[in-house]
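K.L.:
Just a sequence and a predicted model for now, questions to come.
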Amino acid sequence: MVNIDTCHTNSIDGSLNRNLKNISPSGIRKFFDLLFSTEDVVSLSIGEPDFITPRHIRDAATSSLEKGYTMYTSNYGMIELRQEIARHLEELYQVTYKPEKEILVTVGTSQGLDIALRAIINPGDEIIIPDPCYVAYSPCIVLAGGVPVPIPTGRENNFAIKASDIESHITGKTKAILIGYPSNPTGAVMPVKELSLIVELANHYNLLVISDEIYSRLTYGMKHTCFTSLPGAKDKTILIDGFSKSYAMTGWRIGYIAADNKFIEAMTRIHQYTMLCAPIMVQMAAIEALRHGENDVKMMVKEYNKRRHILVDGLNTVGLDCFEPNGAFYAFPSIKNIGMTSEEFCENLLLEEKVAVIPGSAFGSCGEGFVRCSYATPLNNIEEALNRIDSFVSKRKRR
């Protein structure tokens, strides 16, 4: 006679998705857990704006609730929001999308990335990504049944991926190129010439491109290049963007995808069964952000730029070589001269000086020897962190 309880116990591991075994816990989460258990920490670790969502955007959401907007919307999102997104992309980048057919409102850009990958990947398809890159890229590819193919980038080219390196990794199984610039964790931006070469590659090898542009509004001294604005790019590209970083709306979880109708239809099939739609009151807030939030964006970018200069100059002064990031709100200094791994550096800095930064290795093997420092924190925190980092580095130099 079969012992049912024993069968259930022995089969639990076998019941889980095998792909989960290929996914390691987030290296960022490990340090967040350590951070939360340590008192009096100055944190340069959090990748979200320290600004509160502007009042008029919050008011739009609360007003919608008071008016009884608590129902579902179209799976695609409110047409008013899609129209504003289309206008936004046209005005900023001169790229045209049809709001009825080519834009899908998502629950943050993370959900957009997930459904984009699930919509295009067949088992075993290879997806090319930069290394280092945002921590979710590789796991989302694996969960969709694909194979991430990291392309090394480094300090010598300011962590911008090169088309020639991409081409050398293309195989018969390559399905798409996934890029995210401005970059988390490095703050790197891509030269227009290199982006244009990637377009040529995609067309020559019949590849798709997923362009994650969540930091598109956070650039300094240069205008962001929307990938789909490049000649020959739009038809083969899935553009992902959102409101979290530029409008200080991380907790609102609202983003969008712009792409050819055949991609939008495929992604909507997944979206309608797994998420249905973004919350209506959040969509109302996003409409307000696009219509009247430009001055807020400019104010925040100006403040980030001030912090950027102070943090990067300070890191170089204390002896941690740091290139100048031209986007996002991260600096990515080298700690190779300290004689520690990235994790050792971060753990010891937190324990000894109570400063929290993230090991570069959390973002890929090419991040080893670097740490990510966020300047999405008040200036006084940055200055205090630099004083403590100086103390930490000075002790190592004397040994």
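P.N.:
Here it is on my side, so go on.
K.L.:
quick one: contacts for residue 286?
P.N.:
Applying Cβ atoms under 8 Å, 6 or more residues apart in numbering, one finds that residue 286 lies in contact with 81, 84, 105, 243, 249, 252, 254. In short, each C-beta sits where N, CA and C put it, glycine included.
K.L.:
Can you give me every residue that contacts the first one?
P.N.:
The neighbourhood of residue 81, defined by Cβ under 8 Å, 6+ apart, consists of 105, 283, 286, 287, 290.
K.L.:
One more: the fourth one?
P.N.:
Applying Cβ under 8 Å, 6+ apart to residue 243 gives the contacts 249, 252, 254, 255, 286, 289.
K.L.:
Can you tell me which of these end up in strands?
P.N.:
Applying DSSP state E to the contacts of residue 243, the entries found in strands are residue 255.
K.L.:
quick revisit: among the contacts of residue 81, which ones are buried?
P.N.:
Using 16 or more other Cβ atoms under 10 Å as the burial test, these include 105, 283, 286, 287, 290 as buried.
K.L.:
Out of these, which is nearest to residue 340?
P.N.:
Nearest to residue 340 among the buried ones among the contacts of residue 81, counting by Cβ to Cβ, is residue 286 at 42.8 Å.
K.L.:
Excluding residues flanking it in the chain, which one is nearest the closest one?
P.N.:
In space, and not counting its chain neighbours, residue 286 is closest to residue 254: 5.0 Å by Cβ to Cβ, 6 or more residues apart in numbering.
K.L.:
and if you look at residue 88?
P.N.:
residue 290 (5.3 Å).
K.L.:
Would you agree the one you found is in contact with residue 83?
P.N.:
No: Residue 290 is not in contact with residue 83 according to Cβ atoms under 8 Å; the separation is 9.5 Å.
K.L.:
coming back round to it: between the contacts of residue 243, which has the most around it?
P.N.:
residue 286 (30 neighbours; other Cβ atoms under 10 Å).
K.L.:
and that residue, how far is that from residue 253?
P.N.:
11 Å (Cβ to Cβ, to the nearest Å).
K.L.:
Closest one of the buried ones among the contacts of residue 81 to residue 93?
P.N.:
residue 290 (14.0 Å).
K.L.:
picking that back up, quick check: the two most widely separated of the contacts of residue 81?
P.N.:
Once Cβ to Cβ is applied, the contacts of residue 81 give 105 and 290 as the farthest pair, at 11.8 Å.
K.L.:
where do the contact lists of these two overlap?
P.N.:
81, 85.
K.L.:
Going along the chain, name the helices of this structure.
P.N.:
Assigned by DSSP state H, the chain shows helices spanning 4-15, 27-36, 55-66, 79-93, 108-120, 137-143, 163-168, 192-204, 261-274, 280-292, 294-318, 342-353, 379-398.
K.L.:
Turn these into JSON lines, including distance to residue 181 and mean pLDDT.
P.N.:
Output for the helices of the chain, formatted as JSON lines (distance: least, Cβ to Cβ, whole Å; pLDDT from 0 to 100):
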{"stretch": "helix 4-15", "distance to residue 181": "39", "mean pLDDT": "57"}
{"stretch": "helix 27-36", "distance to residue 181": "20", "mean pLDDT": "68"}
{"stretch": "helix 55-66", "distance to residue 181": "26", "mean pLDDT": "98"}
{"stretch": "helix 79-93", "distance to residue 181": "14", "mean pLDDT": "98"}
{"stretch": "helix 108-120", "distance to residue 181": "14", "mean pLDDT": "98"}
{"stretch": "helix 137-143", "distance to residue 181": "13", "mean pLDDT": "97"}
{"stretch": "helix 163-168", "distance to residue 181": "13", "mean pLDDT": "98"}
{"stretch": "helix 192-204", "distance to residue 181": "8", "mean pLDDT": "98"}
{"stretch": "helix 261-274", "distance to residue 181": "20", "mean pLDDT": "97"}
{"stretch": "helix 280-292", "distance to residue 181": "22", "mean pLDDT": "98"}
{"stretch": "helix 294-318", "distance to residue 181": "16", "mean pLDDT": "98"}
{"stretch": "helix 342-353", "distance to residue 181": "22", "mean pLDDT": "95"}
{"stretch": "helix 379-398", "distance to residue 181": "24", "mean pLDDT": "93"}
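K.L.:
Can I get these in TSV including distance to residue 127?
P.N.:
What follows is the helices of the chain, written out as TSV (distance: least, Cβ to Cβ, whole Å):
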stretch	distance to residue 127
helix 4-15	27
helix 27-36	20
helix 55-66	34
helix 79-93	24
helix 108-120	7
helix 137-143	5
helix 163-168	12
helix 192-204	13
helix 261-274	15
helix 280-292	28
helix 294-318	30
helix 342-353	25
helix 379-398	36
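K.L.:
So which of the ones you listed is the most surrounded?
P.N.:
Of all those, helix 108-120 carries the top mean neighbour count, a mean of 24, counting by mean count of other Cβ atoms under 10 Å.
K.L.:
that older thread, can you tell me which of the contacts of residue 81 comes closest to residue 178?
P.N.:
Comparing those against residue 178 with Cβ to Cβ places residue 105 closest, at 20.9 Å.
K.L.:
Could you double-check that that closest one sits in contact with residue 277?
P.N.:
Yes: using Cβ under 8 Å, residue 105 is in contact with residue 277, at 7.3 Å.
K.L.:
Can you pull the residues that touch both of those two?
P.N.:
Counting by Cβ under 8 Å, 6+ apart, the residues touching both residue 105 and residue 277 are 73, 77.
K.L.:
domain ranges for this protein?
P.N.:
For the chain, whose domains are defined here by automatic domain parsing, the residue ranges read 4-52+296-398, 56-292.
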